[in-house]
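Chemist: The following comprises the amino acid sequence and a computationally predicted model.
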Amino acid sequence: MVLKDTQELEAEVTLLESQLQDARAQLAASEYPSPPSSWAVKEQYKTNNNKLTTSTRTSLHALLLLSDSALPLGSFAYSSGLESYLAHNKPSRTAPITSFHRFLKLSIASIASTSLPYVLAGHRDPSTLDTLDNDLDASTPCIVAQRASIAQGRALIGVWERAFRVSFAGPENPALGQTAAAVAAIDDLSDALKSCLEEDEDLGPKGHFAPLWGVVCRAMGLDLQQTAYVFVMNHAKAVLSAAVRAGVMGPYQAQNVLASQALQDTMMKRIAREWNTPVEQAGQVVPALDLWVGRHELLYSRIFNS
Amino acid sequence: MRQPAIPIPSPFESSIAKPGQGKVVLSLLPPNNPTLTTLTYKYPLKLVPRTGGFVPSPDSSALSDTRPSNPVHLYLLTYGGGLLPGDHIEVSITLEPKTRMVVTTPQGSTKIFKTTPNNAGTAPNVIKGHRDQMPANDHLSDMSQQTLDVNIGRQAALCYLPDPSVPFQHSRYAQVQTFTVDATAKGTERSSVCVLDWVTQGRTSRGEDWNFQFWRGRNEVWAEDDKGKRRLLLRDSVILDDESGDLEDTSISDEIEIENENTTYNTTHTGLENPVDMPPQAPAGLTPLNIIAERTRPHGVVGTLILSGPVFEALGSFMLNQFQSQPRIGSRNWSDHAPSSVPEPSGDVTWTAARVRAGFVLVKFGAKDFETAKHWLGGLIREEGSVIREFGEEALCCL
């Protein structure tokens, strides 16, 4: 009798210990003190493959929602400077496809160095959203890029409020801890945007995309690495989609580039590089890109907004 | 035991302890007499003021009923015309209300000397032995750094049009320039700032083409209210990094990198930089471009001009007008026998101007080379004329 009890208790202790270990691993995975590597991703999925926990299921669901190209952010209206780049770099000497690959790499490096630190900061500390919004606005050198960022940021608030909020922070499953802070930060910014009249407050809240993306991902339960990866991936998708519509390549070729190991490596490398970059240190690594984006306004005919 | 007596401070000793530091305060003494109430600096930095050079005519200023105070010209110099590895220049300037200052660097260029694995032995011999020896291969200490912190009071104006920075091969440099304006001043009482920050590909005569290791230029404008609360108005940050530091802890040593620079690209940037299934970036037959050249191509110089405040309002509007009146790119000339598209008017200069926020006008440019950029920018500023009217021709001595 006593012996059986002891055995049961021992089994329970082992079970609890393994649960604790799992929880710690998950916590470590969500906080990521060090830059991610493809190794870490694989490891994480390997351990999670055996049992699909509730938390991974919801985060997978949120991940798919946020990476969906049907997410109504209006990203299709922007080419992130590709259209202007093509106009400035006439493919006389090089094949257009070579020229495009150059642009894609520059564009990913640039979005990672200028915007990614704000995504990461928004996810790490949602309560700083208003400061991040102001600082990113101050750091965006041209109005073309600024318009694109604000339009997508406000669209993201719209999607969150009208569609996601009820499922991820509704009355049935109230948000806790940092998730609650993220939800509160979005609400505050949204209220500030509604109450601010554009004419009288040049320096008021803007609703820039990058920090909001970090905070919304936090509110929807994505971990930091997923947040960063989906952000850069969505950017790559938008540029490739623009390339298809600008006639640079066909849709199959675009998917081929999107699926390629080279693109994955480039993205992982850029994310790892900017992982610990404080927002004060964010900056443009591709000065030429600022010029192309800024000169989009000078194009005689345009199919994109940026 | 008796403590050793504290030595009597030398009356000639500067109040600034660290080498490379400098402090300037420009005050307006009554009735209308701009005076440098503080001017200290320490080797290798040198600050040379010049007052009374230019007197703006009473009717030159379109913006104030009272006569603007005479601008004080400050030359910002470093011994040897540049910065050695480990040099840390730290300049703090305060412009009290209604004062005006012109800051230039009359050296042709600010040279950024190279960082070598053992810089003590191979440093340029301009002035040997005077500067602190820094441990080699320590990234922070072997980097040349320059900090400029300017406080611009109500109705005061700063015109800072320096020479470009010319980073030599293998050099590392970081510069942070912070400008603080009075947040409580409104309308024509606001502080005015004109700042140019530009960087070239290096010494083209020696075949340098963006071969340095690291260059960072960060310009920030902050507004501070009377309670000391600060808010970022504008941040312009450019990072040119050859990313060789990313792979430092691999087996590739610095020596190999320097001795054999043609293979450097191939050894340090295989894989990710030149993915196997992506087409190569450089046309066949040419040497592959380094990563900074790739990101600045086709320019040999890139730069930013920041304009704000009532004194530079006219120049800002002029730049915007010039930008917007450029011919549309890709528009067709339908007349017979004409070339298929309208050629770029400015040809070798690609630029953009935008009114961002808080009234700031930001001009970004890329040009074929230093002379082209200098000629283009100097030409525009002279054509508009307000900088010369307010600050005199010497404000443009670097252009």
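Modeler: Nice, I can see it.

Chemist: Name the SS class of residue B:227, please.
Modeler: Secondary structure assignment for residue B:227 (DSSP: H, G, I helix; E, B strand; the rest coil): coil.

Chemist: which parts of the stretch 51-200 of chain A sit against chain B?
Modeler: By C-beta under 8 Å from any C-beta of the partner chain, the part of the stretch 51-200 of chain A that sits against chain B consists of A:84, A:87-88, A:93-95, A:97-98, A:101-102, A:105-106, A:109, A:113, A:134-135, A:137-144, A:146. Bear in mind the C-beta positions are built from the backbone N, C-alpha and C, glycine included.

Chemist: Verify the contact between residue A:302 and residue A:83 for me.
Modeler: Yes - taking contacts as C-beta atoms under 8 Å, residue A:302 lies within contact range of residue A:83: 6.3 Å.

Chemist: how many other residues sit next to residue 148?
Modeler: Just going to use chain A. Residues within reach of residue A:148, counting by other C-beta atoms under 10 Å in any protein chain shown, total 26.

Chemist: switch to chain B, that's the one I care about
Modeler: Using other C-beta under 10 Å, the number of residues around residue B:148 comes to 21.

Chemist: Next: residue B:379.
Modeler: 11.

Chemist: Any chance you could list what contacts the helix or strand harbouring it?
Modeler: Here residue B:379 sits within helix B:370-384, counting by DSSP states H and E. Residues outside helix B:370-384 that contact it (C-beta atoms under 8 Å, 6 or more residues apart in numbering or on different chains): B:109, B:161, B:164, B:196, B:198, B:200, B:300-301, B:303, B:305, B:314-315, B:318-319, B:322, B:346, B:348-349, B:351, B:365, B:367, B:387-388, B:396, B:398-399.

Chemist: Can you give me the buried ones in it?
Modeler: Across helix B:370-384, burial judged by 16 or more other C-beta atoms under 10 Å in any protein chain shown covers B:370, B:372-374, B:376-377, B:380-381, B:384.

Chemist: Over to stretch A:229-245?
Modeler: Buried, per 16+ other C-beta under 10 Å, within stretch A:229-245: A:229-243, A:245.

Chemist: Check those and tell me the two furthest apart.
Modeler: A:229 and A:245 (24.5 Å; C-beta to C-beta).

Chemist: all helices for the stretch 151-300 of chain A, in order.
Modeler: Assigned by DSSP state H, counting those that start in this stretch, the stretch 151-300 of chain A shows helices spanning A:165-169, A:177-195, A:209-219, A:224-245, A:251-259, A:261-274, A:287-294.

Chemist: Please identify the deepest-packed of those.
Modeler: Each of those was scored by mean neighbour count; the highest is helix A:209-219, a mean of 28, by mean count of other C-beta atoms under 10 Å in any protein chain shown.

Chemist: quick one: average pLDDT of that helix?
Modeler: Regarding helix A:209-219, the rounded mean pLDDT is 93.

Chemist: Residue nearest the middle of chain A, spatially speaking?
Modeler: For chain A, residue A:231 is the residue whose C-alpha lies nearest the centre (C-alpha atoms, centre = their mean; 2.3 Å).

Chemist: State the pLDDT value of it.
Modeler: On the pLDDT scale, residue A:231 gets 94.

Chemist: wait, what's in contact with it?
Modeler: A:115-116, A:119, A:210, A:213-214 are the contacts of residue A:231 under C-beta under 8 Å, 6+ apart.

Chemist: can we see that at 10 Å?
Modeler: Shown in contact with residue A:231 (C-beta atoms under 10 Å, 6 or more residues apart in numbering or on different chains): A:66-67, A:111-112, A:115-116, A:118-120, A:123, A:209-210, A:213-214, A:217, A:267, A:271.

Chemist: so where is the chain shaky, pLDDT-wise?
Modeler: Answering for chain A, as no chain was given. By pLDDT under 70, the low-scoring segments of chain A are A:1-4, A:22, A:24-56, A:91-94, A:172-175, A:197-201.

Chemist: Oops, wrong one, chain B.
Modeler: The model of chain B has pLDDT under 70 over residues B:1-17, B:52-53, B:57-67, B:115-141, B:246-289, B:331-347.

Chemist: and residue B:26, what are its bridge partners?
Modeler: With beta bridges defined as DSSP bridges, residue B:26 has these partners: residue B:36, residue B:95.

Chemist: tally of neighbours for residue B:325?
Modeler: Residue B:325: 8 neighbours (other C-beta under 10 Å).

Chemist: Distance check, it against chain A.
Modeler: 10 Å (C-beta to the nearest C-beta, to the nearest Å).

Chemist: same check, this time on residue B:307
Modeler: Computed as C-beta to the nearest C-beta, the residue B:307 to chain A distance reads 13 Å.

Chemist: Now do the strands in the stretch 201-350 of chain B.
Modeler: B:214-224, B:230-241, B:301-308, B:349-355 (DSSP state E, counting those that start in this stretch).

Chemist: Distance from the helix or strand following the shortest one to the middle of the chain?
Modeler: The first helix or strand that comes after strand B:349-355 along the chain, using DSSP H and E, is strand B:361-367. A distance of 13 Å separates the C-alpha centroid of strand B:361-367 from that of its chain, computed with C-alpha atoms, centre = their mean, to the nearest Å.

Chemist: in its sheet, what does strand B:361-367 sit against?
Modeler: strand B:301-308 (antiparallel), strand B:349-355 (antiparallel).

Chemist: that older thread, out of the residues of the stretch 51-200 of chain A next to chain B, which are buried?
Modeler: Counted by 16+ other C-beta under 10 Å, those give A:84, A:87-88, A:94, A:97-98, A:101-102, A:105-106, A:109, A:113, A:134-135, A:137-144, A:146 as buried.

Chemist: The residues you listed in helices, which ones?
Modeler: In helices, defined here by DSSP state H, the members of these are A:84, A:87-88, A:97-98, A:101-102, A:105-106, A:109, A:113, A:134-135, A:137-139, A:143-144, A:146.

Chemist: So what does residue B:196 look like in phi/psi?
Modeler: When quoted as degrees, to the nearest 10, the phi and psi of residue B:196 stand at phi -110, psi 130.

Chemist: so what's it up against?
Modeler: By C-beta under 10 Å, 6+ apart, the neighbours of residue B:196 are B:159-164, B:219, B:303-307, B:363, B:377, B:381, B:398-399.

Chemist: State the distance from it to residue B:164.
Modeler: Counting by C-beta to C-beta, to the nearest Å, the gap from residue B:196 to residue B:164 is 9 Å.

Chemist: do residue A:105 as well
Modeler: Residue A:105 is 27 Å from residue B:164, by C-beta to C-beta.

Chemist: cool, and residue B:309?
Modeler: From residue B:309 to residue B:164 the distance is 24 Å (C-beta to C-beta).

Chemist: out of the two, which sits in the busier spot?
Modeler: Set residue B:309 next to residue B:164 and count neighbours by other C-beta under 10 Å: residue B:309 wins out with 26 against 21.

Chemist: ok, the more buried one touching residue B:186?
Modeler: No - Residue B:309 lies out of contact with residue B:186 (C-beta atoms under 10 Å); the separation is 11.6 Å.

Chemist: one step back: between residue A:302 and residue A:83, which one's more packed in?
Modeler: The residue with more neighbours, out of residue A:302 and residue A:83, is residue A:83; 24 against 16, by other C-beta under 10 Å.

Chemist: Let me know whether that one touches residue A:292 as I believe.
Modeler: Yes - counting by C-beta under 10 Å, residue A:292 is a contact partner of residue A:83 at 9.0 Å.
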